[in-house]
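Undergrad: Need coordinates for the below:
(chains A and B)
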Amino acid sequence: EAGVAQSPRYKIIEKRQSVAFWCNPISGHATLYWYQQILGQGPKLLIQFQNNGVVDDSQLPKDRFSAERLKGVDSTLKIQPAKLEDSAVYLCASSLNAMEVFVSRYEQYFGPGTRLTVT
Amino acid sequence: KQEVTQIPAALSVPEGENLVLNCSFTDSAIYNLQWFRQDPGKGLTSLLLIQSSQREQTSGRLNASLDKSSGRSTLYIAASQPGDSATYLCAVREQGAQKLVFGQGTRLTINP
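TA: Have a look, this model is predicted:
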């Protein structure tokens, strides 16, 4: 079974530029997550999709970050304009239908991440 | 607000030793707790998932325990090997929520 795919793996941009990250979840996974992991910290959820609808975007800086999941499969996360503090690893994860709280085993599977450096 | 803390932030031990990593969380109303491993430049690999009704889970040389009432979990690694060197993260899923709340991780180095 193929895992979660992300691209690009690395990106270096200057502040005020824009950047986009792509994620392809595990086939059949209805729930998709984007996390931001700043160096030395644990991942922080930015946005969660259930199919193509947003479940939680409470920690997404909406003035500069946007995300979409067209057709409920692939997802794109965009930053425009980027700031120095956006330098981080952006992780995508997917899981089976997380809305089904009675699922006996709930687990998120993570992609390799995209390391963003803003200079 | 749920907060997850991992102590120590870094740990270095000689090969062959048994070791314990600690994780604490402030709100005991969790659905489950998960331990992950993260290698440099890589994503997260799930090691063990403990449901709130369970006390422990084992996988090979790894054993994770959960004491929900005290808000604590431990990850025990037996007979450590240099290949165990990585950052270990714990995360909780709160009841009624889907997202995971992560600790800041413990960076483990096993010296040959």
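Undergrad: and stretch B:94-104, how far apart are its ends?
TA: End-to-end distance of stretch B:94-104 (Cα to Cα, to the nearest Å): 17 Å.
Undergrad: Does stretch A:12-20 reach chain B?
TA: No - Stretch A:12-20 lies apart from chain B when judged by Cβ under 8 Å from any Cβ of the partner chain; the minimum separation is 14.8 Å. For the C-beta atoms, the positions are set from N, CA and C on the backbone; glycine is no exception.
Undergrad: what about dumping the CA coordinates of that stretch to CSV?
TA: The C-alpha trace of stretch A:12-20 is given here as CSV (Å, rounded to 0.1, in the frame of the first residue of the first chain):
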residue,chain,number,x,y,z
ILE,A,12,13.6,27.9,-0.3
ILE,A,13,11.9,31.2,-1.0
GLU,A,14,12.4,34.8,0.0
LYS,A,15,10.0,36.5,2.3
ARG,A,16,6.9,37.9,0.7
GLN,A,17,7.0,35.3,-2.0
SER,A,18,4.3,32.6,-2.4
VAL,A,19,4.7,28.9,-2.2
ALA,A,20,2.4,25.8,-2.6
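Undergrad: That stretch: how far from the chain's middle?
TA: On the basis of Cα atoms, centre = their mean, to the nearest Å, stretch A:12-20 sits 17 Å off its chain's mean C-alpha point.
Undergrad: in it, what counts as buried?
TA: Neighbour-count burial for stretch A:12-20, counted by 16 or more other Cβ atoms under 10 Å in any protein chain shown, picks out A:Ile13, A:Val19.
Undergrad: what's next to that stretch, contact-wise?
TA: A:11, A:76-84, A:116-119 (Cβ atoms under 8 Å, 6 or more residues apart in numbering or on different chains).
Undergrad: now the residues you listed as CSV including pLDDT and distance to chain B?
TA: Listed next are those as CSV, based on pLDDT from 0 to 100; distance: Cβ to the nearest Cβ, whole Å:
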residue, pLDDT, distance to chain B
A:Lys11, 97, 14
A:Thr76, 97, 18
A:Leu77, 98, 15
A:Lys78, 98, 20
A:Ile79, 98, 19
A:Gln80, 97, 24
A:Pro81, 96, 26
A:Ala82, 97, 21
A:Lys83, 97, 22
A:Leu84, 97, 21
A:Leu116, 97, 13
A:Thr117, 97, 13
A:Val118, 98, 18
A:Thr119, 97, 19
